[in-house]
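[1] Here is a sequence together with a model predicted from it:
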Amino acid sequence: MPAVPAQSGPPRPPGGSPLAQGEFGAPTGSPPAPEAAPRRTAWAEGVDRLRAAATTEPGRLRIIGAFLALLVVAFGAITAWQMTERSAAADNVLHSSQPLSASAADIYRSLADANTAASSGFLAGGQESQETRDRYEEDIRTAAAKLITAANSSEPGSSAARTISRLNELLPEYKGLIERARANNRQGYPLGGAYLRYANDTMQHEMLPKAEQLYKSENRRLNADYADAKPYPWAAIALGVVALGALAWAQRRNYHRTNRVLNQGMAAATAASLAVLLWLTVGHTVARSGLNESYDHGVRSLNVLHDAQIASLKARGNENLTLVSRGAETKTLADKTTVDVYDYDFDQDMKTLTRGLAVAADLANDGSGERPVEAATANMKVWKQRHAEAREADNNGEYQLALDRVIGSPDKKPTGECFDGVDKNLGIALTHEQDEFQRAAGGGLDAMTGLPLGAAVLAVLAAAGAVLGIGRRLSEYR
């Protein structure tokens, strides 16, 4: 039987032609190779490693250490941030907003006192005393200097800056009207009285309202600074409690697993965190107490005393103008009664003064604050009596007698003597309350001194202690 020739090339499938071959000899009909798995993200791999680490005690310890360090550092950072803000606000209360509020009150007082001195000098005619003239000039200089200080402290373009600018424009205008009134008065011209009344209207209806607006604006800034300085730092306190709780839990866990009572690193971290929390709560409580005292027995009393002093100045000015106008200025009240404008305003100012002195007496918390208020109240009562006598004389046509009882010599018992007593004693009370404010507000600010920096340093030490404590435990596994 003849031999079968050997086949060349690939085997044939049964009943078919040879399989087609690829470029490298691989059959083109073979199944495709499987695709490579997509590369995992770094986040997923990190989660897997963290999950794997958490299944071992060293891994758990590393996680606990990182968490404790982060928590303690966050506690220190929040404490430093919140106390820095409160300390800055308390510093503004003591060194910025309250002094500016006092300066605004001084502007008002100086303007009102200048108006009073001008009317007193006008009544004296050619016999105006040098003391009255000097008082007027000093008031004008004080108002101008305080306006410069307020302008330097105000924000450009603000309402306070515009108010100050307008007062700077009105001040020389007012002074010019007063000089014209004096010049005409010395020559015996009735036009002097008209100039004085016009100057008084400028003061009463434009300058003093703007000065009062400035005073209220500065008081709002002061109240805003108090509102920023006094709230408790609850976020820092809460985070501190959480941090202490976490440290206590970590040490308890360590005790149950190792039967060791003390881990020096974590104990140091706990002590540092506790020191920060106690310093924070006690320091801020003391600061808050000082700020509250500075407001209740300082700012409130100062505001009331400023208002009382301004009322007394306006009353004195209206008393003088009653004699200057000689009934030329009248108005009709709601009950159809016609009254002298300046005498009516005097009565309203005296009512304000009476109420203010009563409130100031209630707010005074020591003898040094009570005595000048009581003396001012006594002077005010005598002032009312002498004013009634002067008005009676003027209404009876005895103008010279009325004038003597308002600006006469001391032997004639003038009302000016009583006004000077009220003004002097209110000044003493204001000085005392200003000292009280500075003492209390300064104590509040001192209680916060060093707290932001100290909290940050102690928090870093606490974090280092926690890490070292965990590291000591980890070394046992090596």
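    Nice, I can see it.
[2] which SS state does Val339 fall under?
    strand (DSSP: H, G, I helix; E, B strand; the rest coil).
[3] surely it meets Leu333?
    Yes - contact criterion CB atoms under 8 Å: Val339 and Leu333 qualify, at 6.3 Å. Bear in mind the C-beta positions are built from the backbone N, C-alpha and C, glycine included.
[4] Give me the more crowded residue out of the two.
    In this view Val339 and Leu333 are compared by other CB atoms under 10 Å, and Val339 has more residues nearby, 14 against 9.
[5] mind listing what that one touches?
    330-333 (CB atoms under 8 Å, 6 or more residues apart in numbering).
[6] Highest neighbour count among the residues you listed?
    Counting neighbours by other CB under 10 Å, Thr330 comes out on top of those with 13 neighbours.
[7] what pairs with that one across the strands?
    On the basis of DSSP bridges, Thr330 is bridged to Asp340.
[8] From Gly192, how far off is it?
    To Gly192, Thr330 is 20 Å away according to CB to CB, to the nearest Å.
[9] ok, back up a step: for the contacts of Val339, give me JSON lines that also has distance to Ser97.
    Below are the contacts of Val339 laid out as JSON lines (distance: CB to CB, whole Å):
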{"residue": "Thr330", "distance to Ser97": "43"}
{"residue": "Lys331", "distance to Ser97": "39"}
{"residue": "Thr332", "distance to Ser97": "43"}
{"residue": "Leu333", "distance to Ser97": "40"}
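[10] Which two among those are spaced furthest apart?
    Distances among the contacts of Val339 were taken as CB to CB; the most separated pair is Thr330 and Leu333, at 10.3 Å.
[11] ranges for the strands of this structure?
    In the chain, the strands defined using DSSP state E lie at 330-332, 338-340.
[12] Show me the shaky parts of this structure.
    Within the chain, the stretches with pLDDT under 70 are 1-40, 46, 50, 52-55, 125-128, 259-261, 327-328, 476-478.
[13] Spatially central residue in it, please.
    Centrality entry for the chain: nearest residue to the mean C-alpha point is Asp225, 1.3 Å, by CA atoms, centre = their mean.
[14] for that one, what are its contacts?
    Neighbouring residues of Asp225 by CB under 8 Å, 6+ apart: 89-90, 92-93, 96-97.
[15] Just give me the closest of the residues you listed to Tyr174.
    Using CB to CB, Ser97 comes nearest to Tyr174 of the contacts of Asp225, at 28.2 Å.
[16] now that closest one: how far from Glu293?
    17 Å.
[17] quick one, which of those two is more surrounded?
    Ser97 (22 against 18).
[18] count of residues packed around the residue lying closest to the more buried one once chain neighbours are set aside?
    Distance criterion CB to CB, 6 or more residues apart in numbering; nearest residue to Ser97, sequence neighbours excluded, is Leu222 at 4.1 Å. Using other CB under 10 Å, Leu222 is surrounded by 22 other residues.
[19] With Arg300 as the reference, measure out to Leu222.
    Counting by CB to CB - Leu222 and Arg300 are separated by 11 Å.
[20] try Gln434
    Look at Gln434 and Arg300: by CB to CB, they are 13 Å apart.
[21] Pipe the contacts of Asp225 into JSON lines and attach distance to Glu392 per row.
    Below are the contacts of Asp225 laid out as JSON lines (distance: CB to CB, whole Å):
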{"residue": "Ala89", "distance to Glu392": "55"}
{"residue": "Ala90", "distance to Glu392": "55"}
{"residue": "Asn92", "distance to Glu392": "52"}
{"residue": "Val93", "distance to Glu392": "49"}
{"residue": "Ser96", "distance to Glu392": "50"}
{"residue": "Ser97", "distance to Glu392": "47"}
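[22] Contacts only, for the residue nearest to Leu302 when sequence neighbours are not counted.
    Counting by CB to CB, 6+ apart, Leu302 lies nearest to Glu433, which is 5.1 Å off, once chain neighbours are set aside. Counting by CB under 8 Å, 6+ apart, Glu433 makes contact with 297-298, 301-302, 305, 369.
[23] give me that answer again for 6 Å
    Residues near Glu433 by CB atoms under 6 Å, 6 or more residues apart in numbering: 298, 301-302.
[24] Next: Thr338.
    Residues counted as contacts of Thr338 (CB under 6 Å, 6+ apart) are 330, 332.
[25] can you start the count at 13 instead of 1 from here on
    With 13 as the first residue, the last one maps to Thr350.
[26] how far away is it from Lys343?
    Using CB to CB, Thr350 is found at 7 Å from Lys343.
[27] Lys393 and Leu413: what is the separation?
    22 Å.
[28] Comparing the two, which residue is more hemmed in?
    When neighbours are counted by other CB under 10 Å, Lys393 and Leu413 differ, and Leu413 comes out ahead with 17 against 11.
[29] I'd guessed that one sits against Ala405; true?
    Yes - at 4.2 Å, Leu413 and Ala405 qualify as touching, with contact defined as CB atoms under 6 Å.
[30] remind me, longest helix of this structure?
    helix 69-104 (DSSP state H).
[31] Just list what that helix packs against, helices and strands only.
    If you count contacts as 3 or more CB pairs under 6 Å, 6 or more residues apart in numbering; DSSP states H and E, helix 69-104 packs onto helix 220-241, helix 246-270, helix 427-460, helix 463-486.
[32] residues near Leu335, how many?
    Using other CB under 10 Å, the number of residues around Leu335 comes to 22.
[33] Having no further points to raise, I will conclude here.
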